[in-house]
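Asks: Any chance you could fold what I've pasted below:
(one chain, ligands or ions: 2)
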Amino acid sequence: MAPAIAQNVETSTVTPTKVTSIKTLAESSAALSSVPSAYAFTINPNDEADPNDPEFAVPIIDMSLLTCGSPDQRSKIIQDLVKICQEWGFFIVINHGVPESLMKAMIDSCHGFFSLPESEKQEFKSGNDVLEMFKYGTSYNLALDKVLLWRDFFKVRTHPEFYSLNKPASFSEISLEFSKRTREVALEIIKAISESLGLEPNYIYDAMNMDRGLQMLAGNYYPLCPQPEHAIGIPHHTDHGLVTLLIQNEMKGLQVEHNGKWLTVDGPANGFFVNLADQMQILTNGKYKSVMHRAIVNNKAARISIAIPHGPSVDTTIAPSPELCDREGQAPKYLAMNYKEYIQLQQSGKNYMKSTFDHIRV
Ligand SMILES: O=C(O)CCC(=O)C(=O)O
Ligand SMILES: [Fe+2]
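Replies: Ligands and ions are numbered 1, 2, ... in the order given. You can find the predicted model right below:
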């Protein structure tokens, strides 16, 4: 799927050659009335799914039934997961045990960070290596992006070593607790996914060296956009890692691809959105799907999302599981690749708006 670049949109004359933050540009006193041409991107409204069509009812997993349900309730959820992971690669987890107040405090802390003066945020700019302790920036990779993205972001590594932004003051304490609790949810999901594949509950944890697994906390800020259909927050992509958990403020904007359409995800405010990611697809030899998704923008209010990817340890080499290939009588569909190299390949921009899988498909 190639993204269409707008040719004929009436765009603003602002030339954001040196832009370091779309928030600063969009919220400046000379508020924009149209999208600057460097950001012009066209979204086709015909590709959108009807959220009222039962075909697009997002699967919901009640985690309390996995952790404290009867054996029958647990095995029913695990059965459901097989279909969900094959057909959607996406679901919403409810009753996960992370307090709603903590989720809200995390969103507020992110808001606090993005509200700092630009000069203070620039202190966190760092280089271009995704595995740095933290990183602040705009778009995706400013040096390479052909179309700029309507978002600012930060990324912090929270496992195996915990790092934090030191501003705003509350960020460190809240992100420590939030990342710990979120990791517990992710590990519970990964255990259930192992079982859904007919493997031992700890199979993925052990094979992916998750005791040293990479966890990151990535905050996205999408300012209000005067022409939302002519800009994009994050174009379609899949995530690296095994599972990404995601929360957002009161604004919607995450779209997942399902049956050839883009569905804007809506759901209980205290749920976690869960994306299966690339290393899950590779490990399961394509049985489970890394979901294609994107973030759209809106003209009502700024949107904040926090994505928390959970992956193998960075030194793990990921290949299709020999146990699964043997059992299904299948040859491996992907070449083995080290996780760190995979991330670096994805972030190099060479795959911008393409799938990193293309490099390792047999
Ligand atoms: O903002 C969103 O909903 C999507 C964010 C996302 O896909 C990402 O950070 O990888
Ligand atoms: Fe993503």
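
Asks: tell me which element Ile190 is part of?
Replies: Assessed by DSSP states H and E, Ile190 sits inside helix 171-196.

Asks: and the helix or strand just after that helix, which residues are buried?
Replies: Using DSSP H and E, the helix or strand that follows helix 171-196 in sequence is helix 203-207. Of all the residues in helix 203-207, those buried under the rule 16 or more other CB atoms under 10 Å are 203-205, 207. In short, each C-beta sits where N, CA and C put it, glycine included.

Asks: Report all helices and strands that the helix or strand containing Ile107 contacts.
Replies: Using DSSP H and E, Ile107 sits in helix 100-114. Under the contact criterion of 3 or more CB pairs under 8 Å, 6 or more residues apart in numbering; DSSP states H and E, helix 100-114 touches strand 152-159, helix 171-196, strand 215-222, strand 243-248, strand 303-310.

Asks: Now do that helix and strand 215-222, the angle between them.
Replies: On the basis of axes from the mean of the first three to the mean of the last three CA atoms, to 10 degrees, helix 100-114 is oriented at 60 degrees to strand 215-222.

Asks: centre of the chain versus helix 100-114, how much separation?
Replies: Using CA atoms, centre = their mean, to the nearest Å, the mean C-alpha position of helix 100-114 is found 17 Å from that of the whole chain.

Asks: Around ligand 1, pick out the residues from the stretch 151-300 of the chain.
Replies: Counting by CB under 6 Å from any ligand atom, the stretch 151-300 of the chain comes close to ligand 1 at 218, 220, 234, 239, 246, 253-254, 293, 295.

Asks: Those: which two are farthest apart?
Replies: Using CB to CB, the pair of those lying farthest apart is Asp239 and Gly253, separated by 16.0 Å.

Asks: pLDDT value on the residue nearest to the spatial centre of the chain, please?
Replies: Geometric centre of the chain, nearest residue: Ala307, 4.8 Å, by CA atoms, centre = their mean. pLDDT for Ala307: 98.

Asks: And it, how far from Leu116?
Replies: Distance of Ala307 to Leu116, computed by CB to CB, to the nearest Å: 20 Å.

Asks: how much space between Glu173 and ligand 1?
Replies: To ligand 1, Glu173 is 23 Å away according to CB to the nearest ligand atom, to the nearest Å.

Asks: do Tyr205 as well
Replies: Distance from Tyr205 to ligand 1, counting by CB to the nearest ligand atom: 23 Å.

Asks: Quick check: the closest residue to that residue other than its chain neighbours vs Thr244, distance?
Replies: In space, Tyr205 comes closest to Ile190 once its chain neighbours are excluded; the distance is 6.3 Å by CB to CB, 6 or more residues apart in numbering. Per CB to CB, Ile190 is found 12 Å from Thr244.

Asks: between the two, what contacts are shared?
Replies: Common contact partners of Ile190 and Thr244 (CB atoms under 8 Å, 6 or more residues apart in numbering): His310.

Asks: Can you pick out the residue with more neighbours from those two?
Replies: Thr244 (26 against 22; other CB atoms under 10 Å).
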